[in-house]
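J.: Everything below, folded, please.
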Amino acid sequence: MSQNADTRKLFAKKHSCKIHLLKHKALRLAILCMCCRGRLSIVAWSASKTTIAILRRTVKHLYHHRLIERVCMNFSRVSVTLALLVAVRLASADIFISGTIRNPLGQPIGNATVSMGANLQTVSDSNGYFVLADRQSHTIRRPTSAISGGRIGFSDSRLVLDELAGKKVGIELYNSLGRSITIRKPTRVTSSKKIMDLFARAQPASGAWFLAITVDNKRFVRPFTLVGNAVLWKRTSIQLNDPRPRSSATAAATSEGTLSITAPGYQTESFTPAYNQMLNASVTLYHEGVIKPSEGVTVTEGEETKECLVPTEWATQSFSWAANDRLLKDWSKVTATETRSLTYNTVTLENEHLKIVVSPQLGMRIIRAEDKTTGTARDMFARIDNPVNSFANGRTMDIGGIKPSFPFYEHGTGLFNDTAGYFVQYHPDGGVSLVMNLRFDHHQDTADIGYYGRYGDRPLSTVVTLYPGSATFEVSYHVDNPNPLRRSNRVWNVAAFPPASSREYLFPCKWATNHGGVQKISIDGAIQTSHETIYNGTLFGFPQYPFAGVYYPDDDANHVRIADPETAPGMKFYIETDAAANHFIELWGSTNHVFEAPDTFVAAFEPTIMRQSYRMIRGMGKVAYANEHCAIAIEGSTYKIRTPAAAIISVYEHGETTPLHKDVYVAPDSLVEGTFSSGLRIVSTGKELCDVQFPLVYENDSAAIQEVNARAAQSAFCLGKDDPYAACNDPARKMHSMRLDTRWGYNYELEGSQNNWHMLPSLAAAFPVWNSITSENGADTLLSMANAAYRHGVFATVDTYMTYIGARLPDGTAYLRSLMALEKGETTTFGTTPVEARYFRALQSIGGGSVSELSALLSERPNAVRPRIVRGYLSNDLRDLSYVLTLVPGSVEAYAALNELGVPQSTERLDGLLAQNEMAEIRKDDFLGEVTDGTWRHERRYEHEGYQTLFQGHDSIRIGQRWVELPEELKY
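T.: Residues are numbered from 1 along each chain as shown. As a prediction, this is how the structure comes out:
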């Protein structure tokens, strides 16, 4: 826009600004500087194309040297408006320590006093969480005059190596189809600046490509799109390190003294933090009278090699299963196999009671757990020495232990090409957490979009934690949902317990169902060997108590899994019926009751979290009840009690106030026993560990049966089967025409599923009937289908569905249209509904540094991960980022933000999460683009032309129509 001098003076006076007139030859450029609330904005007016070019170069120079931190530019041929936001970022709090206070039995300790020095003090909340922060000074970071680590810049096909003299640099181009072009073998750079032509040796074909650059031992990957000779870069440079100096308060060990934590009934815990800033530390307070463990958990990293059987030929195969390392549904169709050498990394956590071996490289599996509490060491899980990259009838599954089953809910991870990044977090109480993060969007082979495909667009973090003195280990799964739309809350895992001729199942429920939920099965609290034959060894329980597992009477050993039936109700046993193939016992867990039902949705940007713990309880008989705090065995009127860690407990008869035992010591290797009549209540330091009646009480009324019926009917509907129970009155069941396919379809299953086996491009033609439907349910169904089509990048199908929706649900359709326009590079605006649209409103005004839209979103969705990370980064608020790490401990984006803010240890942890994970590196850079210039990219979709593989039953495969290749502009 054009402004005269008087207008500029008036504007400057109004906003207390200064006017600077800069000259470049014959050009006059007016720059208006505004300093308000610690931010500096510059607005320039001119009508010269030459001036625009100068501005572009100036902005790049300023940004390159970090004289500005975020840039928002809007240039045109006749005018220019340039807004440079220089955030005068305050150094992070001089002291910032967040964490959780717990007792050895895993219970949170609320109202504990946390103090450092005489004046710095806080208390923990009811969940044991605390934040101790003190900002004593406000240090402004000063930009440096030189970039010490070097820089790599891109412009068209030119590559500029700047300040890399003496470093060994290798350059390669490759695409996802395996095409590779070596530009430069790793050799040392001899000049301070070197300019190279990427296409000097060969001109690649048009399409999506990746530039891989190794500098010494560090690898960088940047995507670009080639259209003829035109190169479209997503980002224009690689900064080899952050040139901004760190505040001395954040980089050095604290000089403030000792952190002290006290709570009534517990011993005081004191330690000196390694850094002034410590995020999500775990602190254990031990009961008075209990000796603290003398040593912390030890960590050993290593490597193992096994011979692994994989298929090479398969009847009616549509592609090379061996080459693509796919999982097979039916091993009986395999006609040839080969043995491969499988080498994988291991991280071993060990204390006096447990030894746990985890492999991040094998899809975050816990491959072994050894209990040492009583007598001879014992394996908790089946040891499988001849692993098979499959699961199948009569064959060994994988490598044993515990594995996540994701993205697909049934055996979603394999032994190949599922390498997770990870880091080891050492807690001040001696505990250790192994934090892993795995992405699935690199799975872009032919069958990866199919029924058992491995593609997925949501990262999964797995955390394995062991504490000193504890005989239990914790496992938690955190599914991030960086997508702008809701998704299913479904995540499963499976543990492989050892085989034995003598075994009894811990299956505390009244009702169960089988695959698909097509039968209602009465369990009455236990399953016996006969169920393995009657129900083909598969039972999905509806648990009422938190424990499940297997008791081995010959060894008097309980192998127990603990999970909250409210948040992690999945309890499925699978037992082979053929004795020769009875190689292990599968115990499945989930946020859902049955495989096929998507159950509830999680909102856009919100995570799904499932927590479990595992332990062996030996030498006390069959467990009658267990939770994360204690275990009870009952024989007649006699009880025996063990706890997973040393504690002082009192035992009461159920409903009574006079103790049977008062303040007695109990531990993993010692027990308390006595007699009772109807039930037991156990208390430790004022906290109730359990209050339970024996025998266990199972609901047997119509409400419980209705719950089983409803769940089973929902599952059956997902499979396109008739409702087996008249008791289910789900209104959606009556809308039979909603079914998309007689075999598979149900719209909400399609929308929520991590990957889909439907052929979306052909679905729009099947729905002309919706054009005449006016009910709200009809519009909801169509919007659900439009959401699913958008997630797969089939925009034409989205438009068709929205045509049928018409004027109904205007907020939902407007939001989808804005998302599609944003990805097409078109100018668009977002409203304030649905609430997730506020995230994009915030990105569009990122240059203004406002967090009001993000705060409005978070007031309604406090667990929205990505908006909270962005707000934390923009506000330099470690509280936001610390809270995010409680939701998704392996969040690459959260650690990228912490690294930008100079938080100690964040660089090391970020590097660990990015190791061997190119897509994580790319998405990290994309996120930094979001918080610097508001540029947003959808998660990577399935990009290639391929076949849909649809399994019918367990013994055949059919090939569906071809999957339409994703448009080039939507590819990575």
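
J.: what mean pLDDT would you report for stretch 902-916?
T.: What stretch 902-916 shows for mean pLDDT is 90.

J.: mind listing what's buried in it?
T.: Residues of stretch 902-916 classed as buried by neighbour count (16 or more other CB atoms under 10 Å): Gly902, Val903, Pro904, Gln905, Ser906, Arg909, Leu910, Gly912, Leu913, Leu914, Ala915. Backbone N, C-alpha and C define where each C-beta goes, glycine included.

J.: three-state assignment of Trp883?
T.: One thing to correct before we go on: residue 883 is Tyr, not Trp. helix (DSSP: H, G, I helix; E, B strand; the rest coil).

J.: ok, Ile641 - how many residues close by?
T.: Here the count is done by other CB atoms under 10 Å, and Ile641 has 23 residues near it.

J.: check contacts around the closest residue to it other than its chain neighbours.
T.: Of all residues not flanking Ile641 in the chain, Val672 sits nearest, at 4.6 Å (CB to CB, 6 or more residues apart in numbering). Neighbouring residues of Val672 by CB atoms under 8 Å, 6 or more residues apart in numbering: Lys640, Ile641, Ile649, Val651, His661, Val664, Val666.

J.: what's the following helix or strand after the host helix or strand of the fifth one?
T.: To tie it back to what came earlier, the one meant is His661. Using DSSP states H and E, His661 sits within strand 659-666. Counting by DSSP H and E, the next helix or strand C-terminal to strand 659-666 is strand 672-675.

J.: quick one: buried residues of that next one?
T.: In strand 672-675, counting by 16+ other CB under 10 Å, buried: Val672.

J.: about what we covered before: would a markdown table of the contacts of Val672 with distance to Asp398 and pLDDT be doable?
T.: Listed next are these as a markdown table, based on distance: CB to CB, whole Å; pLDDT from 0 to 100:
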| residue | distance to Asp398 | pLDDT |
| --- | --- | --- |
| Lys640 | 35 | 98 |
| Ile641 | 36 | 98 |
| Ile649 | 39 | 97 |
| Val651 | 42 | 98 |
| His661 | 44 | 96 |
| Val664 | 43 | 96 |
| Val666 | 37 | 96 |
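
J.: Selecting buried members of these in PyMOL, what would you type?
T.: Buried residues within those, by 16+ other CB under 10 Å, are selected in PyMOL with:
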select buried, resi 640+641+649+651+664+666
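
J.: tell me which of the contacts of Val672 is nearest to Gly117?
T.: Ile649 (35.6 Å; CB to CB).

J.: one step back: so which of the buried residues of stretch 902-916 sit within helices?
T.: Ser906, Arg909, Leu910, Gly912, Leu913, Leu914 (DSSP state H).

J.: who are the neighbours in contact with Phe538?
T.: Not Phe; residue 538 is Thr. By CB under 8 Å, 6+ apart, the neighbours of Thr538 are Asn514, His515, Lys572, Phe573, Tyr574.

J.: From those residues, which shows the smallest pLDDT?
T.: Lowest in pLDDT among the contacts of Thr538 is His515, which has 71.

J.: what about it, distance to Gly549?
T.: Relative to Gly549, His515 is positioned 21 Å away (CB to CB, to the nearest Å).

J.: quick revisit: which single one of the contacts of Val672 is nearest to Phe605?
T.: Comparing those against Phe605 with CB to CB places Ile649 closest, at 42.2 Å.

J.: buried stuff in stretch 805-822?
T.: 805, 808-809, 812-820, 822.

J.: Columns pLDDT, distance to Ala789 and secondary structure on top of those, output as a markdown table?
T.: Formatted as a markdown table, those follow (pLDDT from 0 to 100; distance: CB to CB, whole Å; DSSP: H, G, I helix; E, B strand; the rest coil):
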| residue | pLDDT | distance to Ala789 | secondary structure |
| --- | --- | --- | --- |
| Ile805 | 87 | 13 | helix |
| Arg808 | 89 | 17 | coil |
| Leu809 | 91 | 15 | coil |
| Gly812 | 95 | 13 | helix |
| Thr813 | 96 | 13 | helix |
| Ala814 | 97 | 16 | helix |
| Tyr815 | 98 | 14 | helix |
| Leu816 | 97 | 9 | helix |
| Arg817 | 97 | 13 | helix |
| Ser818 | 97 | 16 | helix |
| Leu819 | 97 | 12 | helix |
| Met820 | 97 | 10 | helix |
| Leu822 | 94 | 16 | helix |
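
J.: Determine which two of those are furthest apart.
T.: Arg808 and Leu822 (23.1 Å).

J.: got TSV for the ones in helices among the buried residues of stretch 902-916, with distance to Ile97 too?
T.: Formatted as TSV, those follow (distance: CB to CB, whole Å):
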residue	distance to Ile97
Ser906	15
Arg909	16
Leu910	20
Gly912	22
Leu913	22
Leu914	26
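
J.: between these, which is nearest Val892?
T.: Leu913 (5.2 Å).

J.: I'd say that closest one and Gly890 touch.
T.: Yes: counting by CB atoms under 8 Å, Leu913 does reach Gly890; the two are 6.1 Å apart.

J.: any shared contact partners between these two?
T.: Common contacts of Leu913 and Gly890, defined by CB under 8 Å, 6+ apart, comprise Gly421, Tyr422, Val435, Asn437.

J.: Quickly name whichever of the residues you listed is closest to Val347.
T.: Lowest distance from Val347 to those (CB to CB) belongs to Tyr422, with 7.2 Å.

J.: where does that closest one fall, helix, sheet strand or coil?
T.: Put simply, Tyr422 is strand when judged by three-state DSSP.

J.: and it, how far is that from Gly890?
T.: 8 Å.

J.: hey, what's in contact with both of those two?
T.: Joint contacts of Tyr422 and Gly890 (CB under 8 Å, 6+ apart) are Val435, Met436, Asn437, Leu913.

J.: so can I have JSON lines of the residues you listed showing secondary structure and distance to Arg365?
T.: Shown next, in JSON lines, are these (DSSP: H, G, I helix; E, B strand; the rest coil; distance: CB to CB, whole Å):
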{"residue": "Val435", "secondary structure": "strand", "distance to Arg365": "15"}
{"residue": "Met436", "secondary structure": "strand", "distance to Arg365": "10"}
{"residue": "Asn437", "secondary structure": "strand", "distance to Arg365": "15"}
{"residue": "Leu913", "secondary structure": "helix", "distance to Arg365": "18"}
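
J.: Let me know the closest of these to Ala165.
T.: Of the shared contacts of Tyr422 and Gly890, the one sitting nearest to Ala165 (CB to CB) turns out to be Leu913, at 30.4 Å.

J.: Without its sequence neighbours, what residue ends up closest to that closest one?
T.: In space, Leu913 is closest to Gly421, 4.0 Å off (CB to CB, 6+ apart).

J.: Distance check, that neighbour against Asn280.
T.: 18 Å.

J.: elements contacting the helix or strand encompassing Val347?
T.: For Val347, the element it lies in under DSSP H and E is strand 334-350. Other elements packing on strand 334-350 under the criterion 3 or more CB pairs under 8 Å, 6 or more residues apart in numbering; DSSP states H and E are strand 298-314, strand 354-359, strand 432-438, strand 460-466.
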